[in-house]
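Visitor: just a sequence and a predicted model for now, questions to come.
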Amino acid sequence: MQKGWMRAVTTFITIGIMIMIFCFSMEPAEKSDATSGKIAEKVADTVRPEWRTYSLKQRLKYFAGVQHVVRKCAHFTEFALLGASLSLCLTSWFGRRKWRWPASWAGATLYAALDESHQLLVAGRSGQWTDVLIDSSGALTGILICGFILWMIHRRKRKTI
């Protein structure tokens, strides 16, 4: 088990990430599209600078595809952060118990399902089970990366003793 300050920090970070996800989900479709659109425009310009010379139909199709990928990557990344922070939080509270990894994944996946359900209540938004799968895989990735880093730290500490 960790010291009290570590518990407080990991709990605060986890709750902060959950609030961030909730706030993004509260945005109406227009605002959410505008936010992802700005990022998608930069990505589109970086990946294929000549896209602005395409016909209108081609530009719209290309941009829609880029924006879709940006949105799904955002889902994956948000939940990778949640999975990692949740696993650190549970580790700080309960130590190196084996159930903390599956509990972190289950908690993040449950939060993803609740998040998608919440989006059904927001103007212009929709809840999609495919997003729950993307979110859940992001959480699992974050948990695995976090677990690997903790394993490396623990391994290094054992070698120096």
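Guide: Ah, there it is.
Visitor: residues touching the residue positioned nearest the centre of the chain, list them.
Guide: The centroid of the chain falls nearest to Glu78 when counting by CA atoms, centre = their mean (1.7 Å). For Glu78, the contact set (CB atoms under 8 Å, 6 or more residues apart in numbering) comprises 17, 20-21, 24, 135, 138. (C-beta placed from N, C-alpha, C; glycine too.)
Visitor: how many neighbours does Ala44 have?
Guide: Neighbourhood size, Ala44 [other CB atoms under 10 Å]: 20.
Visitor: leaving out chain neighbours, which residue sits closest to it?
Guide: Val66 (4.6 Å; CB to CB, 6 or more residues apart in numbering).
Visitor: wait, that neighbour sits on Thr46?
Guide: No. Judged on CB atoms under 8 Å, Val66 makes no contact with Thr46 at a distance of 9.9 Å.
Visitor: those two: which is more packed in?
Guide: Set Val66 next to Thr46 and count neighbours by other CB under 10 Å: Val66 wins out with 23 against 9.
Visitor: which SS class is that one?
Guide: The three-state assignment at Val66 reads helix, by DSSP: H, G, I helix; E, B strand; the rest coil.
Visitor: do you know how far Ser85 is from Ser117?
Guide: 22 Å (CB to CB, to the nearest Å).
Visitor: any chance of a markdown table for the contacts of Glu78, columns pLDDT, secondary structure and neighbour count?
Guide: A markdown table is the format used below for the contacts of Glu78 (pLDDT from 0 to 100; DSSP: H, G, I helix; E, B strand; the rest coil; neighbours: other CB atoms under 10 Å):
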| residue | pLDDT | secondary structure | neighbour count |
| --- | --- | --- | --- |
| Ile17 | 97 | helix | 20 |
| Met20 | 95 | helix | 13 |
| Ile21 | 95 | helix | 22 |
| Phe24 | 91 | helix | 17 |
| Asp135 | 97 | helix | 26 |
| Gly138 | 98 | helix | 25 |
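Visitor: of those, closest to Lys3?
Guide: Using CB to CB, the shortest approach to Lys3 within the contacts of Glu78 belongs to Ile17, at 21.6 Å.
Visitor: surely the closest one meets Ser85?
Guide: Yes. Using CB under 8 Å, Ile17 is in contact with Ser85, at 5.5 Å.
Visitor: before we move on, back to that, nearest to Ala112 among the contacts of Glu78?
Guide: For the contacts of Glu78, the closest approach to Ala112 (CB to CB) belongs to Asp135, at 3.5 Å.
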